[in-house]
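Chemist: next input, structure requested:
(one chain, ligands or ions: 1)
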Amino acid sequence: MTNRRDFLHGAAAGLLGAATVSRVGAASLPEAAIQTSPTMQPPLQPTSGRPYNPVVTLNGWTLPWRMKNGWKEFHLVAEPVVREIAPGMKANLWGYNGQSPGPTIECVEGDKVRIFVTNKLPEHTTVHWHGILLPNGMDGVGGLNQPQIKPGKTFVYEFEMTKSGTFMYHPHADEMTQMAMGMMGFLVVHPKNPAFMRVDRDYVFLINAYDIDPGSYTPRVNTMTDFNLWTWNSRAFPGIDTLVARTNERVRIRIGNLTMTNHPIHLHGVDFEVTCTDGGWVPKSARWPEVTTDVAVGQMRAIEFVANRPGDWAFHCHKSHHTMNAMGHDVPNMIGVDHRGIVEKIQKLVPDYMVMGERGMADMGEMEMPLPDNTLPMMTGMGQFGPIEMGGMFTTFKVRDNQKTGDYKDPGPYQYPKGTVAYEWTGELAEPTRAPAPAADEKTVTVIKPNGHSGH
Ligand SMILES: [Cu+2]
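Modeler: Okay, here's the model as predicted:
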């Protein structure tokens, strides 16, 4: 225990040893570590049990365990947490062990796992091990498979990990509320043979969504479709960690979707293949190359590729309103509307009135608009060439020739080799050929303009 704790303190800033549950002896329960930092922690190298190649959780961490008489023991604590969504915005969520999502659980095919779940929420909960094939009484559906875990109580789940793959965990008790509040986590079962499906970097994250009014801190829990914060591991751009790779490394990104809608996940700069789904590994003959893969509700997908093009590549959901932060709704399309003279008149009545979007919405990315406390700009982030104009489910994947093996630090903006960036044409401009304007047909487009009020 001492060695493991020392290792953790050294490797993971912000990881604290917490007191074990009161009234239960420390000897009988594994330590419930808590995480105080929302930034990506280095991979947790296994120091006991079967060997494996650990994953890295975007803006997250892996739950430490202990081996006891051949069982791998974990301790999850369901509890209210404060999660930083991005610098400048915090949310009152529910999660596990200090953060939402909860820590990633990693184990190995064939492991016997014992997971203690302590409920520090104000209401009952359960944990469902999404996708794991296990005895029915361990499946975690409250009422159906077990009594719910009352506040203050600790339950024990015991099962064997019979197959490797990509899984999740979440409550199956007051599910809509508890998931809307951020209760979920990633679960990876590594293959028994560490050489099977080996990659150089293995990233994981969950897709989640919240409905938090600008200026407030707590999600609405009865929202069914109108979520306004689209997040990866409860983080929104520019708060989502950068993914990095050294040129020609093989990279896997595992994604699980616990929102109420599908997300077409798109990575620039590579062709990838889906190599693992919620049901297991995809045989080579059944894979095809693509650049966007849809992750439907309740699904997991692992994509794999060789990162062979250096640069700063965009990585995002392709639903464009999912790459906007709150305030993305209810803004009318003003493109082409001439506001001259009108604004001044409205401002006499509404002093703070501003015009948005008469030339498109790009101005929003540059504007320093006054925002309510605790919210994020709708389109934000600065790149080396200007505003990135994104929010929500957007981050970058950075490939560098000199990124060190095992180094997950953001290397900064890409240094473009001379002559490789799109540039402005400064030569002669010929008048472009245009489609001819359609001839107006007097009979069908007769416009009757009002003059006077006689017809009203
Ligand atoms: Cu999406």
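
Chemist: show me which residues of the stretch 201-350 of the chain are close to the ion?
Modeler: Selection of the stretch 201-350 of the chain residues close to the ion by Cβ under 5 Å from the ion yields His263, Cys317, Lys319, His322. To be clear about C-beta, it is placed using only N, CA and C from the backbone, and glycine gets the same treatment.

Chemist: which non-adjacent residue is nearest the first one?
Modeler: Meaning His263. The spatially closest residue to His263, leaving aside those adjacent along the chain, is Cys317, at 4.6 Å (Cβ to Cβ, 6 or more residues apart in numbering).

Chemist: can you report how many residues lie near the one you found?
Modeler: 22 (other Cβ atoms under 10 Å).

Chemist: for it, phi and psi?
Modeler: Note on Cys317: its backbone torsions stand at phi -70, psi 140 [degrees, to the nearest 10].

Chemist: list the contacts of it.
Modeler: Ile207, Trp230, His263, Pro264, Ile265, His266, Thr323, Gly392, Met393, Phe394 (Cβ atoms under 8 Å, 6 or more residues apart in numbering).

Chemist: inside strands: which ones of those?
Modeler: Counting by DSSP state E, the part of the contacts of Cys317 found in strands is Ile207, Trp230, His263, Pro264, Ile265, His266, Phe394.

Chemist: what's the PyMOL line that selects buried ones from those?
Modeler: In PyMOL, a selection of the buried entries from the ones in strands among the contacts of Cys317 looks like this (16 or more other Cβ atoms under 10 Å):
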select buried, resi 207+230+263+265+266+394
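
Chemist: of all the ones in strands among the contacts of Cys317, which comes closest to the ion?
Modeler: The closest of these to the ion turns out to be His263 (Cβ to the ion; 3.3 Å).

Chemist: the closest one bridge partners, please.
Modeler: Bridge pairing for His263 (DSSP bridges) gives the partners Val295.

Chemist: and for Thr154?
Modeler: Note on Thr154: beta-bridge partners by DSSP bridges are Thr118.

Chemist: number of residues surrounding it?
Modeler: Thr154, neighbours per other Cβ under 10 Å, totals 18.

Chemist: correct me if wrong: it contacts Arg114.
Modeler: No. Using Cβ atoms under 8 Å, Thr154 is not in contact with Arg114, being 11.9 Å away.

Chemist: from the middle of its chain, how far away would the helix or strand Asp202 falls within be?
Modeler: Here Asp202, judged by DSSP states H and E, is contained in strand 201-210. Distance of strand 201-210 from its chain centroid, counting by Cα atoms, centre = their mean, to the nearest Å, is 4 Å.

Chemist: swap in stretch 194-207?
Modeler: 16 Å.

Chemist: and it, what's buried?
Modeler: Per 16+ other Cβ under 10 Å, stretch 194-207 contains these buried residues: Met197, Val199, Asp200, Arg201, Asp202, Tyr203, Val204, Phe205, Leu206, Ile207.

Chemist: in CSV, list those along with pLDDT.
Modeler: Listed next are the buried residues of stretch 194-207 as CSV, based on pLDDT from 0 to 100:
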residue, pLDDT
Met197, 97
Val199, 98
Asp200, 98
Arg201, 98
Asp202, 98
Tyr203, 98
Val204, 98
Phe205, 98
Leu206, 98
Ile207, 97
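
Chemist: among those residues, which pair sits farthest apart?
Modeler: Asp200 and Ile207 (23.8 Å; Cβ to Cβ).

Chemist: now, which of the contacts of Cys317 sits nearest Met224?
Modeler: For the contacts of Cys317, the nearest to Met224 is Trp230 (15.3 Å; Cβ to Cβ).

Chemist: how much space between that closest one and Ile212?
Modeler: Distance from Trp230 to Ile212, counting by Cβ to Cβ, to the nearest Å: 11 Å.

Chemist: check His263 too.
Modeler: Taking Cβ to Cβ as the measure, His263 falls 19 Å from Ile212.

Chemist: kindly report the same for Thr104.
Modeler: Thr104 sits 24 Å away from Ile212, going by Cβ to Cβ.
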